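Peer 1: could you work out the structure for the sequence below:
(chains A and B)
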Amino acid sequence: MSNDAIHVYVACAREDEALLTELGKHLSTLKRENTITSWDNRQIIPGEVSDDVITRNLKTAQVIVLLISADFLASDELWQLGMTQAIHRHYAGVAKVVPIILRPCDWNSAPFRQLAVLPKDGKPVTKWDDQDEAFLDIAMGIRRAVSSLQRTPQFQELQEPKATQLDLPKIREPKTLKKFLKPEQVETRSNKLRNRTLWMSTVIFFVGLLIRSSGLLQPLELAMYDHFLRIRSAMANEQLDDRIRLVAIDQNDIEMFQTITHEELNEKPEHISAHGQTTGEVSNSSGACINTVGASLPDCVYDAYLKNYSAINLLLLV
Amino acid sequence: MRVRRLFEELLRHKPAAIGLDISRTYVGREESFSVASDAIRLKALLQDERVYVVCKVPIPPPKSIPGSSFPPELAPEQIGFSDFIGKQDRALRRHLLWINLKNNPQDICPAEYSFNLELANKYLESRNIDSETSSDEELVQWVEGELFLAGTLIPRVIQGDGGYQDNVDTGDYQTMLNYRAPDGDPKQVVSRISLENVLIGNFPDHFFENRVVLIGRVDQQNRDFDDSWTIPYRNVEIPGILVHAQMVSHLLSGVLNQTEEDQELHRPFLKIVYGLQETSWFLACLAMGCGAFFLTRQLSRQPLKTSVVPLVVINVIGVAIVYFVSVICFVQFNMWLACIPAALAFMTSSVVGAAIYIPKHTVQAQIKS
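Peer 2: Numbers count the residues shown, from 1 in each chain, chains lettered A, B, ... in the order given. Model (predicted):
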């Protein structure tokens, strides 16, 4: 494929292939001049995925020729694959769509009715007295279309990226298209999709709020909260609060006090033993005293007492 | 006696407030142990207005947890409750400031405000007197059901706010506890000194001057003494006195930011993003998810198999964005933004969008071939 040659895609129903061959003959001059290269369904090599090949050729085509007949209009495949994309590309300005009326049919309501059709006045090829004359008219029409394309610099620019990147860029759906498409076609796939996504999102949102208010997410959220706290202490350089002091009392202090209170309270053991007898808890834990060889009974009792109630408590009272 | 000497020593060094966090489970034995002169002197010391003592509010049936009383020598203004909320959350995250006594009338612990709030309040009072900008207004104020400390609003946690949807007692006033963890260790929140060192006078000259002094047990070996609390830092357990230290520091850091030293320590109270703001955050994530799905569509017009990869990539990016926004809100603006529902909103909207789209696409491809 030469770089200068305009790539022509011909969409045609299987039943019209005889006419397609005729048209091919009339376009042979253009091909030989290297002005155009043409492609149609018959050129699919066995073994290729037809969808991919068709799509690829459609995307690289600068001129899209639609051979319109009742069979074309009736073919789902051509509609789905060819028409929609072709019209999109036409309105996006990346390709020119040339509808050719082969046989009489009701094409006046089709999406391309606003485009200029070939042959002259939209008179179907089979209705011409001399079919060669009709094809000549078509060939001249395509030649005009091709040469007008070659003169348009904008179009050339648009084509540049196409050569390297086969993927479609974002093509905005032209508003005019919606006007003349049938209602079923107006709601194109993406439109339907957008509506459905919107609905689903709303449903998700409320379901989500419901799950949330049930408290199911709370453990996760609290775990995240803890995570944030740890992240912050790692990120921000947190300082010690100098406005507060802590006098720490630990087991050693308690033990130290125990011995002291022991001695000091020794003077009045009778009070403590009296207490020891009243509390079952104290006498239970006084079992530890048995190990203390030679310890007097009152000593044992208030040792146990001191273990059960913190020595500081005791000291507070004194 | 030792405690008397401890108090004498501390009061001599002009602290702003002294908090004694030793619950007195044992009351009314004075007579039996009194060594008269010491007891009277200690009593006099304890009645110093700078001294605060804890008590514990009993929880009424059906839970029926007994409270603990306060030393009868003290005036009611000198007591604060030592209750925390944390066991039910498996970690202590909230800071209980005020209890509605009308809901639970009792004589054992008639304290309306928490021990740490009383201490912070006392400290702020002493600061105001120092700087001679003292106003006659109370430092703790209520305006339309919200608690203000020295003019700063303490945000209240209410059930249904942010992450808290369940299990929140709303009768009391609580806020999120903004922990301080120097070098990542919340135990290092304040400098500590052992009782022994205080008694032998082994500390710098101005160590206690104009400071809040907390006294309490820091060891957790004692089984009779269940006062250790799980906190959100890697399941560390800290003794109750350190929780109080965290809370006093929390209150002071939230309120004070005038002097240079305070500014360094200043940290606004944690706010929970809730209501309309939170809803719009979720909606934004939902919209981002939808947008991400349309982006995947642009990136790949391929059937199911090939569009899974961009979808996964975009979800990972989206969740990362949600995560970073929440982290920045938390670290920089002290706002807790719920990020789990936001991430879920993003993921479900993008995945569901794709799930709706993809089958249609593949079905169409099948028709054509």
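Peer 1: okay, strands next: where are they in the chain?
Peer 2: No chain specified, so I'll use chain A. For chain A, the strands defined by DSSP state E occupy A:6-12, A:36-40, A:63-68, A:96-101, A:244-249.
Peer 1: look at chain B instead
Peer 2: Under DSSP E, chain B gives strands at B:17-21, B:51-55, B:79-81, B:94-98, B:140-143, B:146-149, B:152-154, B:173-176, B:191-194, B:212-217, B:228-231, B:236-239, B:271-272, B:335-336.
Peer 1: re earlier: can I get the strands of chain A in a markdown table with mean pLDDT and distance to B:Pro239?
Peer 2: All C-beta atoms are positioned from the backbone trio N, CA, C, and that covers glycine. Formatted as a markdown table, those follow (pLDDT from 0 to 100; distance: least, Cβ to Cβ, whole Å):
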| stretch | mean pLDDT | distance to B:Pro239 |
| --- | --- | --- |
| strand A:6-12 | 84 | 82 |
| strand A:36-40 | 82 | 83 |
| strand A:63-68 | 86 | 81 |
| strand A:96-101 | 86 | 82 |
| strand A:244-249 | 88 | 9 |
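Peer 1: not counting sequence-adjacent ones, nearest residue to residue 66?
Peer 2: Answering for chain A, as no chain was given. Nearest residue to A:Leu66 in three dimensions, chain neighbours excluded: A:Pro99, at 4.7 Å (Cβ to Cβ, 6 or more residues apart in numbering or on different chains).
Peer 1: wrong one, chain B
Peer 2: B:Pro58 (5.3 Å).
Peer 1: for the one you found, grab the count of nearby residues.
Peer 2: The tally of other residues near B:Pro58 (other Cβ atoms under 10 Å in any protein chain shown) stands at 18.
Peer 1: next one: it from A:Asp241, what distance?
Peer 2: Distance, B:Pro58 to A:Asp241, using Cβ to Cβ, to the nearest Å: 31 Å.
Peer 1: what does B:Asn210 give?
Peer 2: 14 Å.
Peer 1: more neighbours, those two?
Peer 2: Higher neighbour count among B:Asn210 and A:Asp241: A:Asp241, with 23 against 15, using other Cβ under 10 Å.
Peer 1: just give the closest residue to the more buried one, not the sequence neighbours.
Peer 2: In space, A:Asp241 comes closest to B:Ser249 once its chain neighbours are excluded; the distance is 4.0 Å by Cβ to Cβ, 6+ apart.
Peer 1: redo the strands of chain B as JSON lines? Include mean pLDDT.
Peer 2: Below are the strands of chain B laid out as JSON lines (pLDDT from 0 to 100):
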{"stretch": "strand B:17-21", "mean pLDDT": "86"}
{"stretch": "strand B:51-55", "mean pLDDT": "85"}
{"stretch": "strand B:79-81", "mean pLDDT": "87"}
{"stretch": "strand B:94-98", "mean pLDDT": "89"}
{"stretch": "strand B:140-143", "mean pLDDT": "83"}
{"stretch": "strand B:146-149", "mean pLDDT": "87"}
{"stretch": "strand B:152-154", "mean pLDDT": "89"}
{"stretch": "strand B:173-176", "mean pLDDT": "89"}
{"stretch": "strand B:191-194", "mean pLDDT": "89"}
{"stretch": "strand B:212-217", "mean pLDDT": "88"}
{"stretch": "strand B:228-231", "mean pLDDT": "82"}
{"stretch": "strand B:236-239", "mean pLDDT": "83"}
{"stretch": "strand B:271-272", "mean pLDDT": "88"}
{"stretch": "strand B:335-336", "mean pLDDT": "90"}
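Peer 1: can I get the ones you listed in JSON lines with mean neighbour count?
Peer 2: Listed next are the strands of chain B as JSON lines, based on neighbours: other Cβ atoms under 10 Å in any protein chain shown:
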{"stretch": "strand B:17-21", "mean neighbour count": "27"}
{"stretch": "strand B:51-55", "mean neighbour count": "24"}
{"stretch": "strand B:79-81", "mean neighbour count": "25"}
{"stretch": "strand B:94-98", "mean neighbour count": "23"}
{"stretch": "strand B:140-143", "mean neighbour count": "13"}
{"stretch": "strand B:146-149", "mean neighbour count": "16"}
{"stretch": "strand B:152-154", "mean neighbour count": "17"}
{"stretch": "strand B:173-176", "mean neighbour count": "24"}
{"stretch": "strand B:191-194", "mean neighbour count": "17"}
{"stretch": "strand B:212-217", "mean neighbour count": "25"}
{"stretch": "strand B:228-231", "mean neighbour count": "19"}
{"stretch": "strand B:236-239", "mean neighbour count": "18"}
{"stretch": "strand B:271-272", "mean neighbour count": "20"}
{"stretch": "strand B:335-336", "mean neighbour count": "22"}
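Peer 1: redo these as CSV? Include distance to chain A.
Peer 2: Formatted as CSV, the strands of chain B follow (distance: least, Cβ to the nearest Cβ, whole Å):
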stretch, distance to chain A
strand B:17-21, 8
strand B:51-55, 9
strand B:79-81, 14
strand B:94-98, 10
strand B:140-143, 18
strand B:146-149, 15
strand B:152-154, 16
strand B:173-176, 8
strand B:191-194, 4
strand B:212-217, 4
strand B:228-231, 9
strand B:236-239, 9
strand B:271-272, 10
strand B:335-336, 6
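Peer 1: want to try JSON lines for the ones you listed, with distance to A:Ser148 as columns?
Peer 2: Formatted as JSON lines, the strands of chain B follow (distance: least, Cβ to Cβ, whole Å):
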{"stretch": "strand B:17-21", "distance to A:Ser148": "92"}
{"stretch": "strand B:51-55", "distance to A:Ser148": "93"}
{"stretch": "strand B:79-81", "distance to A:Ser148": "90"}
{"stretch": "strand B:94-98", "distance to A:Ser148": "76"}
{"stretch": "strand B:140-143", "distance to A:Ser148": "78"}
{"stretch": "strand B:146-149", "distance to A:Ser148": "75"}
{"stretch": "strand B:152-154", "distance to A:Ser148": "73"}
{"stretch": "strand B:173-176", "distance to A:Ser148": "71"}
{"stretch": "strand B:191-194", "distance to A:Ser148": "88"}
{"stretch": "strand B:212-217", "distance to A:Ser148": "89"}
{"stretch": "strand B:228-231", "distance to A:Ser148": "78"}
{"stretch": "strand B:236-239", "distance to A:Ser148": "79"}
{"stretch": "strand B:271-272", "distance to A:Ser148": "66"}
{"stretch": "strand B:335-336", "distance to A:Ser148": "62"}
